[in-house]
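Q: Using only what follows, build the 3D model:
(chains A, B, C and D)
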2 protein chains.
Amino acid sequence: MAASDLRERILETALDIVEAQGIQALTQPRLAKAVGLRQSHLTYYFPRKADLYIALLEASHARAHSHNKSSGAAPDFEAMLQSLMFDRNRMRFFLGIVIAVSEEPELRAILRQHTHHLLQAIAAHYGREPSDPDVIMFVDCLRGVGLRHLLEPDNPIDTAPSVGELAARFGLEISSPAS
Amino acid sequence: MAASDLRERILETALDIVEAQGIQALTQPRLAKAVGLRQSHLTYYFPRKADLYIALLEASHARAHSHNKSSGAAPDFEAMLQSLMFDRNRMRFFLGIVIAVSEEPELRAILRQHTHHLLQAIAAHYGREPSDPDVIMFVDCLRGVGLRHLLEPDNPIDTAPSVGELAARFGLEISSPAS
DNA sequence: AGTTTAGTTGGTAGCCTACCAACAACATTG
DNA sequence: CAATGTTGTTGGTAGGCTACCAACTAAACT
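A: Coordinates of the predicted model:
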């Protein structure tokens, strides 16, 4: 097995754990056992826990992408945003990464870049620039709503508007079909 | 020393630690040493770590309140919101609590109540109802902006609008002077 | 063949939280 | 007052966790 293959497998397994049991269940011993290697080996690939987190962020992105593609139907962009922001487990995952990383400038930069990709995608979808304040504010707001939803799983989307409504609120309308 | 006094002292000391060194530095051993009691004693007062977190949330609120009062000048409501949401350490603190608590329905309820207090204060300030979607969305957005700011301490408030601008964006204007 | 380099292992040091049995101090009540 | 419960306090420990390290193996390279 090629080395990068193993790395892939680690990340995929880690994502499985996070999806199934949440971010707090993702520990080196558990992950090592699930993948079938030694705990110390994990720190060889990911020296700090935050390194694993960051890598997971991209892996998660990639997985969501492939899911979208494999699911045949037209990948509804706003539905994707919805699941990205309003899924409690996903949000917990993201927040876990944020606080783990927010004190490490180097990793923070990666996370920032990740956000930038999201901004680009959204901007492209609505025919705007990634630096457009409306787009930035839209993302901020999405996250805020997701955060609240994390604390109020009971009343699912009553007070929370749909992604579409939210976008409209920021003056974002689809000008060209999703790429 | 009355029992509740000690509890007070624990919380105050914990807040000092959080303010000075961040939420990740708040551990039972450290806190116990700072207060001058045994680690095991802390779990007597706060069986789970999340219990301490929740108690800290109110204590932090109270402290901010007293600071505002003692600082003489008229407590600028929007400035208060600004420091509440855009201070990185505070945001880290809040997020730490959120993810620590989000899986415990009982504690989640307390946090929800805390949010409700905030909503009430904001609603009162702008002459709205706490259930007003504009108010709720405003809070969501504030948090989202604070979250981003946590990841981008470099460009402080360029893209981020001021609290006032943000409020205006949601149609919130001061109708009556701050209470 | 010889020497770096990458991958892998077991072990450990040093944190941390949560629990528990024991003790002390104090109040309650019969 | 004696017995009993309640609350506070202590030391110790069990069980997890991350991060590190020295040793070994295999592969690659010259």
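Q: what stretches of chain A score poorly on pLDDT?
A: Along chain A, the model assigns pLDDT under 70 to residues A:1-3, A:72-74, A:155-160, A:175-179.
Q: How about the residues of it by DNA strand D?
A: For chain A, the residues found near DNA strand D under the criterion Cβ under 7 Å from any atom of the strand are A:27-30, A:39-40, A:43, A:47-50. Every residue, glycine included, has its C-beta placed from N, CA and C.
Q: Residue numbers of chain A in contact with chain B?
A: A:22-24, A:88, A:92, A:95-96, A:98-99, A:102-103, A:108, A:111-112, A:115, A:131, A:133, A:136-137, A:139-145, A:147-148, A:150-152, A:159, A:161, A:169 (Cβ under 8 Å from any Cβ of the partner chain).
Q: and those residues, which are buried?
A: Judged by neighbour count, with 16 or more other Cβ atoms under 10 Å in any protein chain shown as the criterion, the buried members of those are A:22-23, A:88, A:92, A:95-96, A:98-99, A:102, A:108, A:111, A:115, A:136-137, A:139-145, A:147-148, A:150-152, A:159, A:161, A:169.
Q: Now the residues of chain A next to DNA strand D in JSON lines, please, with extra columns for secondary structure and neighbour count.
A: Formatted as JSON lines, the residues of chain A next to DNA strand D follow (DSSP: H, G, I helix; E, B strand; the rest coil; neighbours: other Cβ atoms under 10 Å in any protein chain shown):
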{"residue": "A:T27", "secondary structure": "coil", "neighbour count": "13"}
{"residue": "A:Q28", "secondary structure": "helix", "neighbour count": "16"}
{"residue": "A:P29", "secondary structure": "helix", "neighbour count": "10"}
{"residue": "A:R30", "secondary structure": "helix", "neighbour count": "15"}
{"residue": "A:Q39", "secondary structure": "helix", "neighbour count": "13"}
{"residue": "A:S40", "secondary structure": "helix", "neighbour count": "9"}
{"residue": "A:T43", "secondary structure": "helix", "neighbour count": "15"}
{"residue": "A:P47", "secondary structure": "coil", "neighbour count": "10"}
{"residue": "A:R48", "secondary structure": "coil", "neighbour count": "13"}
{"residue": "A:K49", "secondary structure": "helix", "neighbour count": "14"}
{"residue": "A:A50", "secondary structure": "helix", "neighbour count": "21"}
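Q: Which other helices and strands does the host helix or strand of A:L6 contact?
A: Counting by DSSP states H and E, the element that carries A:L6 is helix A:3-21. Using 3 or more Cβ pairs under 8 Å, 6 or more residues apart in numbering or on different chains; DSSP states H and E as the contact criterion, the secondary-structure elements in contact with helix A:3-21 are helix A:28-35, helix A:39-45, helix A:49-70, helix A:88-101.
Q: buried stuff in the helix or strand following the last one?
A: This points to helix A:88-101. Where DSSP H and E defines the elements, the next helix or strand beyond helix A:88-101 is helix A:105-126. Judged by neighbour count (16+ other Cβ under 10 Å), helix A:105-126 contains these buried residues: A:107-108, A:110-111, A:114-115, A:118-119, A:121-126.
Q: Just give the closest residue to A:S83, not the sequence neighbours.
A: Taking Cβ to Cβ, 6 or more residues apart in numbering or on different chains, and ignoring the residues beside it in sequence, A:S83 has A:R90 as its nearest neighbour in space, at 7.3 Å.
Q: how close does the closest residue to A:P29 other than its chain neighbours get to A:L56?
A: Using Cβ to Cβ, 6+ apart and skipping the chain neighbours, the partner closest in space to A:P29 is A:Q39 (5.3 Å). Computed as Cβ to Cβ, to the nearest Å, the A:Q39 to A:L56 distance reads 17 Å.
Q: and what of A:Q120?
A: 21 Å.
Q: Let me see the backbone angles for A:D87.
A: The main-chain torsion angles of A:D87 are listed as degrees, to the nearest 10 and equal phi -80, psi 120.
Q: what about it, neighbour count?
A: Counted with other Cβ atoms under 10 Å in any protein chain shown, residues neighbouring A:D87 total 16.
Q: how close does it sit to DNA strand C?
A: Plainly put, A:D87 is 26 Å away from DNA strand C if you go by Cβ to the nearest atom of the strand, to the nearest Å.
Q: now swap in A:L142 and tell me
A: Counting by Cβ to the nearest atom of the strand - A:L142 and DNA strand C are separated by 31 Å.
Q: same question, A:R128
A: Here the distance between A:R128 and DNA strand C works out to 42 Å (Cβ to the nearest atom of the strand).
Q: so what's that residue closest to, chain neighbours aside?
A: A:V135 (5.2 Å).
Q: Can you say which helix or strand has that neighbour in it?
A: Secondary structure from DSSP H and E places A:V135 in helix A:133-151.
Q: now for that helix, which elements pack on it?
A: helix A:77-86, helix A:88-101, helix A:105-126, helix A:163-169, helix B:88-101, helix B:105-126, helix B:133-151.
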